[in-house]
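Undergrad: quick one: sequence and predicted model below, then my questions.
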Amino acid sequence: MASYNARWGIMATGWIAEVFTKDLLIDSSLRDASDIKHAVTAVASSSSKSRAEKFISDLSIPSPVSAYGSYEELVSDPNVDIVYVATPHSHHFQNTMLALNAGKHVLCEKAFTVNAAQAKILCETAKQKGLFLMEAVWTRFFPLSVQIRTIIKQGGIGEVLRVVADNSFGDDVESKWGTKHRMVNKDLAGGALLDLGIYSLTWVFQTLYHTLPREQRKPPSKISAHLTPYHLTGADEATTILVSFPTTTPSNGPTPGQSQAVAMTHLRVATDPDEKNSARPAIRIQGTKGEIQVDGPAFRPERYRVISKKPENGDAPPVREIQCSFPGNGKGMYWEADEVARCVRDKKLESEGMPWEESIVIMEVMDEVRKQGGLTYPEKIESTVYPTPL
């Protein structure tokens, strides 16, 4: 059977676009994905065509590939099937609407949008136009994540009742990020929550919510959040979220209890302070029969362990340590790209691995967290009006 060729247009030329594009260019047969191939057919920079040309030459993207100095030109290119939106969160709604209105399928970086209202409109628009749309939560598509969800679904650690997840970097915020960088700039929807906290929430949702059958998934019943504002810009530099779900997983039995989660992120303290993984787990998934510990970083973990509960008489089975590699020396973004290509090939509008409804629920959680912490963004980037010039 001939492999399906996905033709990508890369919107923006920053660091994340570079990482994603490099992964697209790695031979898909190295990861047992020879049913699909990826081609980058166009790259656009909003600042200049020469910037797009430099991106193409720096990454040695094979011809034919077009360079554009505007996103409008990119989405009009007939050789582009799927647009990868790699702009700051503040621009995701406007940029994704541009691509959908031009009839392109879209993979949009996370956080999906600035607020849930924008996310809903994107999903409605994709549905109306019969186009595929997905939030680029790459970590969900790692074999490691799939394996962990399978262990949970098969009852490997019993009924899962609690998850603690952290994604934090200990930096000197003033000297490293200043005031203009997208990490702390409110004009670009900056702050720890949308940029880093999304990964902590990803682990909470993919373990406590996504492991239930779709009809049993229920949004959080309680959310309590504490935010610490960064004194120079007002964006959050630290956020801790306590979430209760009215369900447990995987059996969610006849008298379902509740599960709880703590999702944390911080710009001044690190999950992995010595960068040698001495701190070990960034994520702990705790069930009635044991726990799964995932070593950080939360966005790109390579190993996890399964620790079984000691029985009343006898010894607990040995701890299982599992290492998951990244074929072809990739970063791991190719797995989400493979998922997009297969969905487009099979004429699906959304992915089972990251459905629209789940992206919206997570955005609603972040809306509530921001509301409790008094974190607002400029009206323009919170706007649901398209087009709004940014």
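TA: Noted; the coordinates are in hand.

Undergrad: the residue lying closest to Trp203 once chain neighbours are set aside is in what secondary structure piece?
TA: The shortest distance from Trp203 to any non-neighbouring residue, by C-beta to C-beta, 6 or more residues apart in numbering, is to Ala165 (3.9 Å). Backbone N, C-alpha and C define where each C-beta goes, glycine included. Assigned by DSSP states H and E, Ala165 belongs to strand 160-168.

Undergrad: residues touching that strand, excluding its own?
TA: Contacts of strand 160-168 from elsewhere in the structure, counted by C-beta atoms under 8 Å, 6 or more residues apart in numbering, are 152, 192, 196-197, 199-201, 203-204, 207-208, 211, 248-250, 257, 259-267, 269-271, 282-288, 296-299.

Undergrad: right, and the helix or strand after that strand?
TA: Next element after strand 160-168 (DSSP H and E): helix 173-177.

Undergrad: so what's the residue nearest to Trp203 bridging to?
TA: Ala263, Ile283 (DSSP bridges).

Undergrad: pull the number of nearby residues for it.
TA: Using other C-beta atoms under 10 Å, Ala165 is surrounded by 29 other residues.

Undergrad: so how far is Ala316 from it?
TA: Look at Ala165 and Ala316: by C-beta to C-beta, to the nearest Å, they are 24 Å apart.

Undergrad: CA-only coordinates of stretch 129-143 in CSV, if you can.
TA: Output in CSV follows, covering the C-alpha atoms of stretch 129-143 (Å, rounded to 0.1, in the frame of the first residue of the first chain):
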residue,chain,number,x,y,z
LYS,A,129,-15.7,23.4,7.2
GLY,A,130,-15.1,19.7,7.5
LEU,A,131,-11.4,20.2,8.4
PHE,A,132,-9.1,18.4,10.8
LEU,A,133,-8.0,20.4,13.8
MET,A,134,-5.9,19.4,16.8
GLU,A,135,-4.0,21.1,19.7
ALA,A,136,-0.4,20.1,19.5
VAL,A,137,0.0,18.3,22.8
TRP,A,138,2.9,16.2,21.5
THR,A,139,3.6,14.5,24.9
ARG,A,140,0.3,12.6,24.6
PHE,A,141,1.4,10.7,21.5
PHE,A,142,4.7,9.4,23.0
PRO,A,143,4.8,5.6,23.3
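
Undergrad: buried sites along it?
TA: 131-142 (16 or more other C-beta atoms under 10 Å).

Undergrad: cool, and stretch 276-290?
TA: Buried-residue list, stretch 276-290, by 16+ other C-beta under 10 Å: 281-287, 290.

Undergrad: what mean pLDDT does it have?
TA: Averaging pLDDT along stretch 276-290 yields 97.

Undergrad: how about stretch 194-207?
TA: Stretch 194-207 comes out at a mean pLDDT of 97.

Undergrad: ok, stretch 133-147 next?
TA: Stretch 133-147 shows a mean pLDDT of 98.

Undergrad: next one: stretch 157-175
TA: 97.

Undergrad: and it, end to end?
TA: 44 Å (C-alpha to C-alpha, to the nearest Å).

Undergrad: what residue ranges in the protein score low on pLDDT?
TA: The chain contains residues with pLDDT under 70 at 1, 254-256.

Undergrad: just the buried residues of the contacts of strand 160-168.
TA: By 16+ other C-beta under 10 Å, these give 152, 192, 196-197, 199-201, 203-204, 207-208, 211, 248-250, 259-267, 270-271, 282-287, 296-299 as buried.

Undergrad: so of those, which ones are in strands?
TA: Among these, DSSP state E puts 259-266, 282-287 in strands.

Undergrad: now, the most widely separated pair of those residues?
TA: The distance between the two most remote of those (C-beta to C-beta) is 26.6 Å, for His266 and Gly287.

Undergrad: hmm, back to that, which one of the ones in strands among the buried ones among the contacts of strand 160-168 is nearest Glu124?
TA: Ala263 (27.5 Å).

Undergrad: I'd say the closest one and Phe205 touch.
TA: No: the criterion here is C-beta atoms under 8 Å, and Ala263 misses it with Phe205 at 9.2 Å.

Undergrad: next, the distance between the ends of stretch 180-191.
TA: 12 Å.

Undergrad: which residues touch that stretch?
TA: By C-beta under 8 Å, 6+ apart, the list of residues contacting stretch 180-191 from outside reads 88-90, 111, 114, 173, 177-179, 192, 195, 230, 232-237, 239, 267, 375, 377-378, 381.

Undergrad: of those residues, keep whichever come out buried.
TA: With burial judged by 16+ other C-beta under 10 Å, the buried subset of the contacts of stretch 180-191 is 88-90, 111, 114, 173, 177, 192, 195, 230, 233-237, 239, 267, 375, 377, 381.

Undergrad: am I right that Ala6 sits in a strand?
TA: Yes: assessed with DSSP: H, G, I helix; E, B strand; the rest coil, Ala6 lies in a strand.

Undergrad: that one: neighbour count?
TA: 24.

Undergrad: got a list of contacts for stretch 379-390?
TA: Contacts of stretch 379-390 (C-beta under 8 Å, 6+ apart): 90-91, 93-94, 97-98, 114-115, 117-118, 121, 187-189, 376.

Undergrad: start to end distance for that stretch?
TA: Termini of stretch 379-390 sit 11 Å apart (C-alpha to C-alpha).

Undergrad: buried residues of it, list them for me.
TA: Buried, per 16+ other C-beta under 10 Å, within stretch 379-390: 381-384, 386, 390.

Undergrad: can I get the residues you listed in TSV with distance to Ser308 and secondary structure?
TA: Listed next are the buried residues of stretch 379-390 as TSV, based on distance: C-beta to C-beta, whole Å; DSSP: H, G, I helix; E, B strand; the rest coil:
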residue	distance to Ser308	secondary structure
Ile381	47	helix
Glu382	47	helix
Ser383	51	coil
Thr384	48	coil
Tyr386	51	coil
Leu390	51	coil
